[in-house]
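In: predicted model and sequence follow; I will ask about them next.
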Amino acid sequence: MEKPLEKCLDELSHSAGVSGVLCADSQGLCLGVRGKASSTSSGMISALADRAAMLEPGSPPPVILLETDNSQCLIHRNSGVTLAVYKSPETS
C-alpha cells in the first residue's frame, strides 16, 4: 500500500494550486505528508472528519472546507483514510 499512497500524495501535491497534502488513518496517525502540510496536525484533521460525520449519521462522509484569507484546507474521509488538501484561494 505504501507505494500507491506515496504516488497519490506526489501527484496531488503537484496539482495546480495545491500547496500541501496530508493523509491520516482513522486513529489520526499520519500516513504521509507533502508540501506545507504538517504531520503534527494529522490527529486534529482526523478528529474533525469524525465530528463532521456525526452531524448527519448515515449520510456519505462530508467534505470539510476550512478557509482563511490566505489559504483553504479541504478535508475528506473515505474508507477510514482522511485526506487534507491545502490550497491557495481561487482568484476571480
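Out: Here it is on my side, so go on. Residues are numbered from 1 along each chain as shown.

In: work out for me the element Lys3 sits within.
Out: helix 2-13 (DSSP states H and E).

In: tell me the buried residues in that helix?
Out: Within helix 2-13, the residues scored as buried using 16 or more other C-beta atoms under 10 Å are Leu9, Leu12, Ser13. Yep, even glycine has a C-beta here, placed from its N, CA and C like the rest.

In: now do that helix: which elements does it pack against?
Out: On a contact count with 3 or more C-beta pairs under 8 Å, 6 or more residues apart in numbering; DSSP states H and E, helix 2-13 meets strand 18-24, strand 30-35.

In: deepest-packed of these, please.
Out: Of those, the one with the most neighbours on average (mean count of other C-beta atoms under 10 Å) is strand 18-24, at a mean of 22.

In: which residues touch that one?
Out: Outside strand 18-24, the residues that touch it by C-beta atoms under 8 Å, 6 or more residues apart in numbering are 5, 8-9, 12-13, 30-39, 41-43, 45-46, 71, 81-88.

In: give me the angle between the helix holding Lys3 and strand 18-24.
Out: Counting by axes from the mean of the first three to the mean of the last three C-alpha atoms, to 10 degrees, helix 2-13 lies at 150 degrees to strand 18-24.

In: ok, residues contacting helix 2-13?
Out: Contacts for helix 2-13 (C-beta under 8 Å, 6+ apart): Val18, Gly20, Val21, Cys23, Leu31, Gly32, Val33, Arg34, Gly35, Val85.

In: and which of the buried residues of helix 2-13 is nearest Ile75?
Out: Taking C-beta to C-beta as the measure, Leu12 is the one of the buried residues of helix 2-13 closest to Ile75, at 13.4 Å.
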